[in-house]
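> Here is a sequence with its predicted model. Questions after.
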Amino acid sequence: MFSLLVLVLLAVPDTNQTVTDDSCALDATGRVQCFDLNDHCVQRPPTETLRSFDTVEEVNGCGIRTKDDSVVCWGTGSFVKPPSTLGPVRQLSVSKTHACAVKKDQTLACWGDGSEGATNAPRGAFRQVSAGHRVSCGVRESGELSCWGFQGATLTPPKKKYVFVAVGVQAACAIDEARHLSCTGDLATTLDGEFSSVTVETFLACATKVDGSAVCFNDSKQPRAVGPKGTRFLEVRTRCGRLQSGKVACWSQKTPELLAEDDGKTATANAEGSCPTPVGKTVVVNTSRRPWVDEVMKRVKDGTVDTESERDHVKPEDLPHLAQEYLKSNNWKHKTLLIDLVQDSHDPVLAEVMWDALSVPDCDDDGCWSVRAVALSYLDGDFARFSGYFENHAACRAALTKRLKERASRKK
């Protein structure tokens, strides 16, 4: 069975994605199931049957329906409403800012935030497409590679015939017809061996070889094997993969050789994407509380906390507790410090926190504008918008007014 699969991969790489970095995978029925190894709340994908899907930032994703190859999207990202004229598609890819798909006639369609040109798809017939950070790349039917958007021209690999491409943040990796892997941009390198697929994230890429083994690498370290020796995958991303047994396993980027599987304790987001479901202003917390949380909360309350340095010490398991501290507080000085502390996280457990943060009162410094910028970019599903909101107060006010109206309608 698996030898036949390898032969198929050698001929035409399978562009149907069944597992993502956000710990989500298609089950045997074609439905998306999400889990988190730290037992945090995860996204609520649609319940319909899909043949392929892609997710980003835990709460945003798109999938291809099995019944008619149409696209369904979910979450709060700018790409979650595909064009009404899209029709059936062969393959799709999503990023933080936009999504692209290969249509049935092999032409491309991209939608979402196109401010950097990432949605300006070229004409022609394509086999596969990848949406990255403000840039997109695609493999033409001829095997030529095209990239468009921010730094698109600089990401295009040497002229060869390619079968697969993946683009992330200022980096792209492609597999040519000889199965050789080459990367450009911040991950510029070439790897020995024969590869069937590759995925790229921020300063990190992981690739599957035709024998089922997998490696991960970045711009400064040699490739490291994923899983113990002898582990074989059907596909991998940068944090999760599907084993040839069909099971899904995830790993730490620091220790890819150690695999872990879901323990079945994870909660799922509610229909609005808030997670876990709040009861009044109480967040249900299922994980033990680290002493660090109590220590940092003392400094938050006495105003001595250095949020910039403490931000590096925030762990995923701390977020439900910090969210709980935020939601039970009525002191905006404390709440502002907590927002500053978690501003780098896009965990769904912070959804209720960010909706509440929209109500931050005006202030005499940049503190309130920073809170608004963090909350708005979180709710947009695009942290690249933080600077625009923070620096352009008029644009921030306009977006804030829109979100406050949305919040009011959600409460009715």
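In hand now; what should we look at?
> for the nearest residue to residue 132 once chain neighbours are set aside, what are its contacts?
Excluding the flanking residues, the one nearest residue 132 by Cβ to Cβ, 6 or more residues apart in numbering is residue 167, at 3.3 Å. (C-beta placed from N, C-alpha, C; glycine too.) Shown in contact with residue 167 (Cβ atoms under 8 Å, 6 or more residues apart in numbering): 130-132, 135-137, 147, 155, 173, 200.
> can you tell me which of these are in strands?
130-131, 135-137, 147, 173, 200 (DSSP state E).
> In CSV, list those along with neighbour count and distance to residue 380.
Shown next, in CSV, are the ones in strands among the contacts of residue 167 (neighbours: other Cβ atoms under 10 Å; distance: Cβ to Cβ, whole Å):
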residue, neighbour count, distance to residue 380
130, 28, 22
131, 31, 16
135, 29, 19
136, 33, 19
137, 30, 24
147, 26, 25
173, 32, 28
200, 29, 23
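> The residue nearest to residue 132 bridge partners, please.
residue 172 (DSSP bridges).
> What distance do you get for it to residue 49?
28 Å (Cβ to Cβ, to the nearest Å).
> Kindly report the same for residue 126.
From residue 126 over to residue 49 (counting by Cβ to Cβ), the distance is 26 Å.
> Compare the two and say which is more crowded by neighbours.
Neighbours were counted for residue 126 and for residue 49 using other Cβ atoms under 10 Å; residue 126 has more, 24 against 15.
> Just the local confidence number for residue 199, please.
Listed pLDDT for residue 199 reads 90.
> Can we start the residue count at 159 from this point?
Sure, I'll start counting at 159 from here, so that last one is residue 357.
> tell me, how many neighbours does it end up with?
Residues near residue 357, counting by other Cβ under 10 Å: 24.
> Quick one: residues contacting the closest residue to residue 347 other than its chain neighbours.
Of all residues not flanking residue 347 in the chain, residue 341 sits nearest, at 5.1 Å (Cβ to Cβ, 6+ apart). Residue 341 makes contacts with 315, 329-332, 347-348, 358, 363, as judged by Cβ under 8 Å, 6+ apart.
> Could you work out the most separated pair of those residues?
348 and 358 (14.6 Å; Cβ to Cβ).
> quick one: the strands in the stretch 209-358 of the chain?
Along the stretch 209-358 of the chain, counting by DSSP state E, counting those that start in this stretch, strands occupy 218-223, 229-232, 247-252, 256-261, 266-270, 284-289, 293-298, 303-307, 320-325, 329-334, 339-343, 347-349, 353-359.
> Which one, of those strands, ends up nearest to residue 495?
Across these, closest to residue 495 is strand 218-223 (Cβ to Cβ), at 27.8 Å.
> CA-only coordinates of the closest one, as PDB, when you get a sec.
C-alpha atoms of strand 218-223 as PDB (Å, rounded to 0.1, in the frame of the first residue of the first chain):
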ATOM      1  CA  ASN A 218      -8.900  30.900  10.800                       C
ATOM      2  CA  GLY A 219      -9.100  28.400   8.000                       C
ATOM      3  CA  CYS A 220     -10.500  27.300   4.600                       C
ATOM      4  CA  GLY A 221     -11.400  23.900   3.300                       C
ATOM      5  CA  ILE A 222     -12.600  22.200   0.100                       C
ATOM      6  CA  ARG A 223     -15.900  20.500   0.400                       C
END
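> now the contacts of residue 341 as a markdown table including distance to residue 417?
Formatted as a markdown table, the contacts of residue 341 follow (distance: Cβ to Cβ, whole Å):
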| residue | distance to residue 417 |
| --- | --- |
| 315 | 31 |
| 329 | 25 |
| 330 | 27 |
| 331 | 23 |
| 332 | 27 |
| 347 | 25 |
| 348 | 27 |
| 358 | 21 |
| 363 | 19 |
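> Which of these are buried, as a PyMOL select command?
Burial among those is assessed by 16 or more other Cβ atoms under 10 Å; the matching PyMOL selection reads:
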select buried, resi 315+329+330+331+332+347+358+363
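> does residue 335 really touch residue 303, like I thought?
No. Contact criterion Cβ atoms under 8 Å: residue 335 and residue 303 do not qualify, at 11.8 Å.
> Those two: which has the busier surroundings?
The residue with more neighbours, out of residue 335 and residue 303, is residue 303; 22 against 10, by other Cβ under 10 Å.
> For that one, name its beta-bridge partners.
Beta-bridge partners, per DSSP bridges, of residue 303: residue 297.
> same thing with the one 4 residues further on?
Following DSSP bridges, residue 307 is listed with bridge partners residue 293.
> What residues does residue 450 make contact with?
Counting by Cβ under 8 Å, 6+ apart, residue 450 has contacts 471, 476.
> before we move on, back to that, overlap in contacts of residue 335 and residue 303?
residue 320.
> quick one on the thing from earlier: distance to residue 227 added to the ones in strands among the contacts of residue 325, as TSV?
Listed next are the ones in strands among the contacts of residue 325 as TSV, based on distance: Cβ to Cβ, whole Å:
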residue	distance to residue 227
288	19
289	18
293	26
294	21
295	22
305	26
331	27
358	26
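> tell me which of these is nearest to residue 509?
Checking those one by one against residue 509 (Cβ to Cβ), the nearest turns out to be residue 289, at 23.7 Å.
> Domain-wise, how is the chain divided?
Each domain of the chain is listed here as a residue range: 160-408, 449-569, per automatic domain parsing.
> for the ones you listed, which one ends up most surrounded?
Mean neighbour count (mean count of other Cβ atoms under 10 Å) peaks for domain 160-408 among the domains of the chain, with a mean of 20.
> Switch the strands of the stretch 209-358 of the chain over to TSV; also include distance to residue 473.
Converted to TSV, these look like this (distance: least, Cβ to Cβ, whole Å):
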stretch	distance to residue 473
strand 218-223	23
strand 229-232	27
strand 247-252	27
strand 256-261	30
strand 266-270	31
strand 284-289	29
strand 293-298	31
strand 303-307	34
strand 320-325	29
strand 329-334	27
strand 339-343	30
strand 347-349	31
strand 353-359	20
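> closest one to residue 412 among the ones you listed?
Closest approach to residue 412 among the strands of the stretch 209-358 of the chain (Cβ to Cβ): strand 353-359, 14.1 Å.
> Thank you, goodbye.
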